[in-house]
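*Asks:* Sequence first, predicted model second:
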Amino acid sequence: MASPHEQTDNAEGTIVHFDIVVSPAQRALLQGPIHVCAAAGVELPCRIDVADPLTGRVQGWVEMVEPLADAAPGLSVHAGAGQRDLPAQDVATVAAGPFYVESWVHVEEARHEAVQVIAASWDFAERPTTMATYDAGHVDGLPTQGFFGAVFDGRFVYFAPQCNSDGRHGNALRYDTQQGFGDPAAWQAHDAGATGGLTTKGYYGAIFDGRYVYYVPRFDGDTLHSRVLRVDTTGDFAAESSWSAFDAGRPIACQGAAFDGRFIYFAPGMHQEDGGSGCVLRFDTRASFAAADSWVWHDVSGTDGLACCCFDGAVYDGRHVYFVPLEGGPVVRHDPALGFTQPRAWEAFDTTKLPGFGACVGAVFDGRRIHFVPYAHDTVVCYDTSAAFANPDSWQACRPGRVDGLDCRGYDGAAFDGRWVTFIPFWDGASTVDGFHARILRYDTTRPFTEPQAWQAADGAALAPPNPGGFNGGAFDGRFLYMAPWRRNDPSGEIRAHGQVLRLDTAAPDASFQLRWMDCGHNGGLGGSVPGPAFLVNCTDGSVCAQAHATMCAGWHHVAGAYSPEDGVELWIDGACVARQAARGEARLPQGEISVGQLTGGCGRLCGEVAQLRLRAGRMTAARAQMAASHLPRS
């Protein structure tokens with residue numbers, strides 16, 4: 001933890017790394033305390049990491065107001081303890097206005113998916129009880145009810161159109177998280193049901209690749225289909241020119257998808273004539289959307305001699321893609337590094353070896369474990385990704401049962417906020433007359449999986465009326481979980497769709513910011529993205545998040561987040577501003593200690609080292625960021 005102090009030095013410099021070798025005549029100095037001076041003999045704030053009297057090598061960090069192009073030749077080593085220490089975590093008190101937090105980090109792996117935190121001042125809500133509902137069922141004159149899954153692009157939440165009370169539809173819905181949840185102007189709809197001359201209705205989940213949102217094809221009301229729908233998020237959401245579609249050519253329903261930073265993997269559901277399908281569709285996002293050779297089908301139905309078919313959701317853990325079995329069959333895992341069509345790239349886990357494993361809809365990754373969402377039953381299963389995939393001992397099952405006085409069973413999708421896995425309520429499996437519900441269930445990942453105290457529940461129907469529940473997946477924006485409205489109870493038992501979006505606030509009132517080296521993009525159960533580094537700030541008018549949507553290499557990096565009530569939020573990586581979003585009022589500034597390399601409670605651990613951290617009032621400048629990046633240690 002880093003504690004704040006008063007900021008007094010207006011001539012503050014840039015932290016740079018140095019790596020020098022002193023002459024043989026000076027090496028005896030390295031046997032005792034030393035300090036570092038600039039060329040003019042002025043002592044510099046410094047921290048010594050290495051001082052080897054045998055080789056003469058000295059490594060560490062110094063603060064320089066005007067660093068040289070190469071800092072090392074201007075530095076000299078002197079005997080004796082210095083008077084100007086450079087703390088590894090230097091956090092100033094910020095009373096109001098703009099602030100920035102910058103870090104010098106070394107990461108050990110080029111992983112693309114997991115919550116890994118550099119620094120944060122963020123607490124989670126003690127109970128999942130702060131909810132709100134908004135009826136988005138009639139937006140822009142369209143019947144916007146019945147959605148399967150959603151995805152967050154850093155500002156907007158996109159809901160995938162599936163089925164309303166009149167049948168399958170293509171009425172795409174979008175919410176602007178930088179406006180009030182209850183503000184009608186924040187919601188926008190577009191009828192994309194006939195895009196590109198194709199029947200583009202009935203979708204199940206969505207993927208965001210950094211520019212485009214892809215809707216996962218399922219059923220158009222007449223046939224199962226593989227007509228992928230896409231919107232360019234840089235264009236006008238309501239303009240036909242922003243939308244395109246491609247027919248992958250098979251009568252196969254896809255149900256959810258995963259994204260590894262380049263390829264989208266569409267999870268196969270049912271074949272129009274043959275029943276359950278194991279034909280996975282892959283699209284290369286670096287290739288032409290309209291070119292047939294950008295799309296590849298591969299049949300995994302016989303993997304490891306098991307009947308692998310009919311999946312409902314997929315998830316990426318930064319290393320493997322997992323396909324979630326709807327009917328409780330085998331879980332299939334793919335290693336993208338081994339080639340999509342190579343048999344050795346695929347393996348299956350026989351779930352009959354794990355008592356209690358049943359039908360699943362969606363899964364979510366918490367940085368170590370994958371949690372499989374129980375559909376129409378009450379057994380949650382998790383897999384420890386650090387252990388052998390095929391070993392039953394790597395898997396656990398838990399029946400939370402009755403939690404906080406509520407019967408908890410039947411969920412569609414889940415989200416991870418950095419500490420809690422929240423299961424999105426759908427249907428208890430008993431009756432289509434009264435079985436659709438809004439009973440949220442969540443698990444505290446800092447506690448043992450089967451411990452009763454690790455589980456909490458709350459009823460959204462009671463806490464945010466008149467929400468009827470019956471959700472299918474959702475999306476998470478760093479603070480709020482948005483649940484996609486699908487089906488409500490009806491005395492007839494027939495399909496009655498609704499448009500009541502339920503929003504859960506996962507943060508404590510005093511939550512301030514998170515600077516993340518990596519974020520969880522597959523967050524909702526049925527789709528996702530690869531956000532990469534992110535800076536999340538809680539403000540008086542809501543939260544705002546800047547995401548890089550880029551995959552990063554291992555090694556040394558300078559990562560900074562800045563927020564100004566005038567200029568908004570910015571994310572800086574290695575000297576460049578890679579993302580920004582508009583302001584949402586004054587930031588809720590940090591009041592207590594800053595957690596470094598993890599979130600409070602030990603979750604969201606960085607796989608690496610935060611060598612230096614600084615939090616200051618003011619704005620991050622390009623000159624400061626570029627100077628810091630130019631003096632990173634050599635990997």
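*Replies:* Thanks, I have it. Note that this is a predicted model, so its numbers are computed, not measured. Residues are numbered from 1 along each chain as shown.
*Asks:* Number of residues surrounding residue 240?
*Replies:* Other residues lying near residue 240 total 14 when counted by other C-beta atoms under 10 Å. C-beta coordinates here come from the backbone N, C-alpha and C atoms, glycine included.
*Asks:* Below-threshold pLDDT in the chain: ranges please.
*Replies:* 1-12, 66-73, 635 (pLDDT under 70).
*Asks:* what about the helices in it?
*Replies:* 460-463, 622-630 (DSSP state H).
*Asks:* How about the spatially most central residue of the chain: what's its closest non-neighbour residue?
*Replies:* In the chain, the centroid-proximal residue (C-alpha atoms, centre = their mean) is residue 520; its distance is 2.3 Å. Take residue 520 and drop its neighbours on the chain: the residue closest to it by C-beta to C-beta, 6 or more residues apart in numbering is residue 115, 4.9 Å away.
*Asks:* What's the local residue count around residue 253?
*Replies:* 25.
*Asks:* same question, residue 386
*Replies:* Residue 386, neighbours per other C-beta under 10 Å, totals 8.
*Asks:* Quick check: the gap between it and residue 540.
*Replies:* With distances taken as C-beta to C-beta, to the nearest Å, residue 386 is found 41 Å from residue 540.
*Asks:* what's the answer for residue 328, then?
*Replies:* Taken as C-beta to C-beta, the span from residue 328 to residue 540 is 47 Å.
*Asks:* and residue 432, what does it touch?
*Replies:* Neighbour list for residue 432: 489, 490, 493, 494 [criterion: C-beta atoms under 8 Å, 6 or more residues apart in numbering].
*Asks:* ok, residue 328 and residue 540, which is more surrounded?
*Replies:* Using other C-beta under 10 Å, the more surrounded residue of residue 328 and residue 540 is residue 328, with 19 against 10.
*Asks:* wait, the more buried one sits on residue 351?
*Replies:* Yes. In this structure, residue 328 is within contact of residue 351 by C-beta atoms under 8 Å, at 6.3 Å.
*Asks:* which neighbours do the two share?
*Replies:* Shared contacts of residue 328 and residue 351 (C-beta under 8 Å, 6+ apart): residue 357.
*Asks:* if we can go back for a sec, okay, the helices of the chain in JSON lines with distance to residue 396 and mean neighbour count next?
*Replies:* Output for the helices of the chain, formatted as JSON lines (distance: least, C-beta to C-beta, whole Å; neighbours: other C-beta atoms under 10 Å):
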{"stretch": "helix 460-463", "distance to residue 396": "27", "mean neighbour count": "19"}
{"stretch": "helix 622-630", "distance to residue 396": "43", "mean neighbour count": "18"}
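*Asks:* Could you give the number of residues near the nearest residue to residue 138 once chain neighbours are set aside?
*Replies:* Excluding its sequence neighbours, the residue lying closest to residue 138 (C-beta to C-beta, 6+ apart) is residue 144, at 6.6 Å. By the criterion of other C-beta under 10 Å, residue 144 has 29 neighbours.
*Asks:* Residue 144 reaches residue 135, doesn't it?
*Replies:* No. Under the criterion of C-beta under 8 Å, residue 144 makes no contact with residue 135, lying 9.7 Å away.
*Asks:* Contact partners for the residue nearest to residue 138?
*Replies:* 136, 137, 138, 159, 161, 164, 171, 173, 189, 499.
*Asks:* If we use 6 Å, what do you get?
*Replies:* Applying C-beta atoms under 6 Å, 6 or more residues apart in numbering, we find residue 144 in contact with 136, 137, 171, 173, 189, 499.
*Asks:* wait, which of the residues you listed is closest to residue 48?
*Replies:* Proximity to residue 48 was ranked across the contacts of residue 144 by C-beta to C-beta; first place goes to residue 173, at 56.7 Å.
*Asks:* wouldn't that closest one be in contact with residue 160 here?
*Replies:* No. Taking C-beta atoms under 6 Å as the definition, residue 173 is not a contact partner of residue 160, at 8.8 Å.
*Asks:* ok, those two, which is more surrounded?
*Replies:* residue 160 (30 against 27).
*Asks:* hang on, the earlier thing: next, format the helices of the chain as a markdown table and append distance to residue 102.
*Replies:* Conversion of the helices of the chain to a markdown table gives the following (distance: least, C-beta to C-beta, whole Å):
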| stretch | distance to residue 102 |
| --- | --- |
| helix 460-463 | 39 |
| helix 622-630 | 7 |
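*Asks:* among those, which is nearest residue 363?
*Replies:* So among the helices of the chain, helix 460-463 is nearest, using C-beta to C-beta, at 21.7 Å.
*Asks:* next one: that closest one to chain centre, how far?
*Replies:* Relative to the mean C-alpha coordinate of its chain, helix 460-463 is positioned 26 Å out (C-alpha atoms, centre = their mean, to the nearest Å).
*Asks:* Show me the strands in the stretch 51-200 of the chain, by range?
*Replies:* Ranges of strands in the stretch 51-200 of the chain, per DSSP state E, counting those that start in this stretch, are 57-64, 76-79, 89-92, 99-107, 116-121, 131-135, 138-139, 142-143, 147-152, 156-161, 163-164, 167-168, 171-176, 187-191.
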